[in-house]
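Chemist: here is a sequence with its predicted model. Questions after.
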Amino acid sequence: MFGEIDHIGIAVEDIDGSLALYRDKLGMREEHRELLDEQGVEAVLLEVGDAHVELIAPIDPDGGVARFIAKRGPGIHHVAYRTRDIDGDIQKLVAAGLRTIGDEPHPGIRDSLAIFVHPKSTGGVLTELVQPAEDH
């Protein structure tokens, strides 16, 4: 069900300040930047081999990432796995007794489809399934 790692999401307070570390000092190539209004974040994908680091900064002070940072501080937010059949994988997750956050995939970065699996179902790790745009 879970394919390759698509990205590791890192909650940050300031995208540009974080790019000074990840892009400028650690040498990761900035691949894509996007406002995801529905999720209340600005996101930047940085290349790391075949996967990415996704920096996510809140643009909605009441959104999930803002609440995460307020409670836990900046840091690793989620692990995302690539899938080619998000609808089928959602059915498998539910059949296995795992709880998703929402019933339907939502729009993600670069026109992907995504759904989160509740951390209470995955040992405390917020997990995301991502179906890239070219696969739907």
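Modeler: Now that the structure is in, tell me what you want to look at. Keep in mind it's a predicted model, so treat the numbers as computed, not measured.
Chemist: which strand residues bridge residue 76?
Modeler: residue 10 (DSSP bridges).
Chemist: tell me if residue 21 really is in a helix.
Modeler: Yes - secondary structure of residue 21 (DSSP: H, G, I helix; E, B strand; the rest coil): part of a helix.
Chemist: gap between it and residue 129?
Modeler: Using C-beta to C-beta, to the nearest Å, we find residue 21 at a distance of 28 Å from residue 129. Where C-beta positions appear, they are placed from N, C-alpha and C, glycine not excepted.
Chemist: compare those two (neighbour count), which wins?
Modeler: For the pair residue 21 and residue 129, the greater number of neighbours falls to residue 129 (26 against 12), based on other C-beta atoms under 10 Å.
Chemist: from residue 114, how far out is that one?
Modeler: Taking C-beta to C-beta, one finds residue 129 at 7 Å from residue 114.
Chemist: between those two, which contacts overlap?
Modeler: Counting by C-beta atoms under 8 Å, 6 or more residues apart in numbering, the common neighbours of residue 129 and residue 114 are 80, 86, 105.
Chemist: give me the pLDDT for the residue nearest to the second one when sequence neighbours are not counted.
Modeler: Leaving out its chain neighbours, the residue that sits closest to residue 86 by C-beta to C-beta, 6 or more residues apart in numbering is residue 131, at 4.0 Å. Looking at residue 131, its pLDDT stands at 96.
Chemist: I'd assumed residue 83 was in contact with residue 131.
Modeler: Yes - taking C-beta atoms under 8 Å as the definition, residue 131 is a contact partner of residue 83 at 5.3 Å.
Chemist: which of these two has more neighbours?
Modeler: Between residue 131 and residue 83, counted using other C-beta under 10 Å, the more crowded position is residue 83 (25 against 22).
Chemist: list the contacts of the more buried one.
Modeler: Here residue 83 is in contact with 1, 2, 3, 89, 129, 130, 131, 135 (C-beta under 8 Å, 6+ apart).
Chemist: restricted to strands, list the residues you listed.
Modeler: If you go by DSSP state E, those have 129, 130, 131 in strands.
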